[in-house]
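Undergrad: The following comprises the amino acid sequence and a computationally predicted model.
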Amino acid sequence: MVSLAWCLVVSSCVRSSTVMVSPHQPNVVLLMADDQGWGDVGYNAAQYTRENQWTPNAPRTPSLDAMAQSESTIVFHRFYAGSAVCSPTRSAVLTGRSPDRECIYSAEPHGWGPAWECSNPMPFPPTTFTIAEAAADAGYATIHIGKYHLGEMYPKPWVQHPSFAYQKWPVSNPGMHGFERFMSTESSSPTSTLNCGCNPDWKLEGQGCVVGGGVWTHNVSFACMNYWSPTDVNQSGPMTVDPKCRDPVTATPECVANLTVKQTGDDSSFIVDTFEHFLQLEGHPSIAKRNSLAAGEGGDNATPRPFLAVLWLHTVHEPHAALPEFYHNYTDAFGDPARDYLGSITQMDVQVGRLRQLLRDLGIANNTMLWYTSDNGPHPTTPTTGPRDRSPDPAYAATRGLRQCKASLYEGGIRVPGLLEWPAVIRRNVQTWHPAYVSDYLPTFLDVLERTHPQPTWAADGMSLLPLVTSLGATGASNDTSSRPPSHPLVFSLKGQAALIDNSWKILSNPQSGLCATQPGTESSGVHLYDLDADPTESVDVSADPANAARFKNMSAQLTAFTASLVVSARTESKCAAPVDDAPLSLSLPVQAVPSQCSTPFGPHRPPLPPPPSPAPPSGPGFQLQAPDGGGCLTAKRPAEQSNVSLLPCAPDSNSSLQEWQASDDGKLFLAHTDLCVKPREHTCTEGDTLWLGTDCEDPHGLTFAHGALHLVLGCTPSLCVTSGLVTESCASPTTAGWSSRPLDT
């Protein structure tokens, strides 16, 4: 049976009598990069060649290399993500389960852009137990920092056609899943100057922004992408939170706030800065304080709580614009600069080293489990910063020759770097080919805590690695090839693809090429069987070999049972999918589509919106601009920056919004999801100026909302307002058909 109940995480189920007991309540840091391939590290010497020769071209990662060579580290050479794309792997990290069981079927489509523009239609279910809740139950301090990508930070009532899960859980931020504190983004974000597009002035401040090419610029930025944190945390005294803000139904926009200062450099540095601040809040003394205590100067003797820190980096997901000093940091195998892809990984690697040193400086490294991995395979060629390098197919070097890349269940899409450093338990360096993946995190942690899962009858896909870690850590190993129990195969499902790995054997159904060129020998349909020991590049399908008939039949049945169990879990365990009475289970569960501009790093074709002080900025009374023929009203319900304006029938009780508008503080109203804007017909900046609707949005004399007023104000002359004379014609042929303003009664 593939999906086993949670009794498997209990230590007595899998631990032999010779395994040493782990230290009590270690700190845990789950550090995860984004889109870093198995070959995107310096320490990985494995190299697979195929019919196409390729040039090894690893980034320089001295910090990760040092971690891999540490006497206190296990290097998992066959470590796997939870999926071939980001959101599903993040779900698997938290739950120890295949992400389809929580209805996280693919990456949340909010790829980039302001949280107030885009939606995340697949909320992570609050019904499923998480590793953060396990830590909190054991008295741990918990924090999430970095990319979240598992739901909305705050309610977005404007979302149309919400999914079954979204209707139940409109908010699903980290604070609802066991994290006391968080400093998190809703989606992917740039490697450098992350929120430079959130305020028009920030492009002009200091050196400006970084958008690729190894230069600073004052002329362009990526769309506004920003961090969110809870407002309900008591920052002094005992830890308390507001229950209303930790409930997906009762949470309000005021429960979170976003970052209102410019992030000037490396995003990974900001994440480590936030982690260091968290440690100080939790009572871990700064280096200076530790030195004073060592000198006998006294101090607080309170013992800090153990902690679980989940640090999900944005690097190397596009837009991976490296800071200039890392873009030009070294020369790659082709004689070119490191450029954006390799340079941003080296840039991130510096912060990995800084984090390891921080743990040592604070005296907590010994009993801290520091895990490192990536959420999926590489995306080696992107539209924003170009290819990884100058090779004909950059995916080969990014995976060290494994097949395909991100979004594919071939090895290149799911096999990723895997490291565990834990000095208290690992006394000799270990190099192992034992298969493991992120779904093993939760059962391993529960085993360390000697606790059982509170949902013991639910399907589980991970297993505890504690017996392996304690055994190998005591003796060391230069080339461990131990096997994973056959009862615990690695399982994957992604948008019609499915895979099951039983040590050297892998069965793969309906594979896809992913986000890179289709390589010779890559299949696009059918069910295939590979012997990964003999054929790590998955070049020879052996399913038709009579010698493998029984194995192929058995693994096919296992794969079928696994995929069928996913829908059962979604409907009866996490209950993220609607129950269907007496109907056959279907694997086809729809996911809401979102506007295309949410999936481009530069956002829609218009100036970026600045961040509001909160998702619900201060607002004045509403108003309507009524067409003379009564055909419609341009309606502002909350006249404030970033407020929504809708084209509605003029009946006050109407709820049939036809179009949504958004205001920016640089003087324009934009029709959501289009390139249309409202602007003055004349450039006189006088009261009563005529406006038009069109696509030429570059004119600086636009409109903005006035706080606490019933009018629109010209950006160039804030003392004047526009109250009438609005038109909705093409910019090329404005007419005099005007609009009249009236207060909004609803």
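TA: Happy to help now that I have it. Numbers count the residues shown, from 1 in each chain.
Undergrad: sec struct for H144, please.
TA: Assigned by DSSP: H, G, I helix; E, B strand; the rest coil, the conformation of H144 is strand.
Undergrad: what pairs with it across the strands?
TA: Beta-bridge pairing of H144 under DSSP bridges involves F182, V310.
Undergrad: That one against F307, yeah?
TA: No - if you go by Cβ atoms under 8 Å, H144 and F307 don't touch, sitting 11.8 Å apart. Heads up, the C-betas are built off the backbone N, CA and C, glycines and all.
Undergrad: Going by how many neighbours each has, rank those two and give me the top one.
TA: A count of neighbours by other Cβ atoms under 10 Å puts H144 above the other of H144 and F307, at 26 against 23.
Undergrad: So for stretch 157-166, what gets flagged as buried?
TA: Of all the residues in stretch 157-166, those buried under the rule 16 or more other Cβ atoms under 10 Å are V159, P162, S163, F164, A165, Y166.
Undergrad: now it: mean pLDDT?
TA: Across stretch 157-166, the average pLDDT comes to 90.
Undergrad: Start at 54, not 1
TA: Yes, from this point I'll number from 54; that puts the last item at stretch 210-219.
Undergrad: any idea which helix or strand comes after the lowest-mean-pLDDT helix or strand in the chain?
TA: Every helix and strand in the chain was compared by mean pLDDT, DSSP states H and E; the lowest is helix 64-67, with a mean of 29. Under the assignment DSSP states H and E, the closest C-terminal helix or strand after helix 64-67 is strand 80-86.
Undergrad: Tell me which strands that next one pairs with, and in which orientation.
TA: strand 360-365 (parallel), strand 421-427 (parallel).
Undergrad: Output the contacting helices and strands for the next helix or strand after that strand.
TA: Using DSSP H and E, the helix or strand that follows strand 80-86 in sequence is helix 115-122. Helices and strands touching helix 115-122, by 3 or more Cβ pairs under 8 Å, 6 or more residues apart in numbering; DSSP states H and E, are helix 392-414, strand 421-427, strand 471-474.
Undergrad: Compile those into JSON lines and extend it with columns for distance to T613.
TA: Formatted as JSON lines, the helices and strands packed on helix 115-122 follow (distance: least, Cβ to Cβ, whole Å):
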{"stretch": "helix 392-414", "distance to T613": "39"}
{"stretch": "strand 421-427", "distance to T613": "29"}
{"stretch": "strand 471-474", "distance to T613": "28"}
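Undergrad: Can I get these in CSV including mean pLDDT, mean neighbour count and distance to R453?
TA: Compiled in CSV, the helices and strands packed on helix 115-122 are given as follows (pLDDT from 0 to 100; neighbours: other Cβ atoms under 10 Å; distance: least, Cβ to Cβ, whole Å):
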stretch, mean pLDDT, mean neighbour count, distance to R453
helix 392-414, 98, 23, 14
strand 421-427, 98, 25, 13
strand 471-474, 98, 23, 14
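Undergrad: hang on, isn't T523 packed against V478?
TA: Yes - T523 is within contact range of V478, at 5.8 Å (criterion: Cβ under 8 Å).
Undergrad: more neighbours, these two?
TA: The neighbour comparison of T523 against V478 (other Cβ under 10 Å) goes to V478, with 23 against 20.
Undergrad: was I right about the more buried one contacting L525?
TA: No - checked against Cβ under 8 Å, the pair V478 and L525 is beyond contact range at 9.9 Å.
Undergrad: where in the stretch 254-403 of the chain is pLDDT low?
TA: For the stretch 254-403 of the chain, the stretches with pLDDT under 70 are 288-290, 340-354.
Undergrad: now the strands: where do they sit in it?
TA: For the stretch 254-403 of the chain, the strands defined by DSSP state E, counting those that start in this stretch occupy 281-283, 309-311, 360-365.
Undergrad: okay, the ones you listed in JSON lines with distance to L203 next?
TA: Output for the strands of the stretch 254-403 of the chain, formatted as JSON lines (distance: least, Cβ to Cβ, whole Å):
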{"stretch": "strand 281-283", "distance to L203": "13"}
{"stretch": "strand 309-311", "distance to L203": "15"}
{"stretch": "strand 360-365", "distance to L203": "10"}
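Undergrad: highest average neighbour count across these?
TA: strand 360-365 (a mean of 25; mean count of other Cβ atoms under 10 Å).
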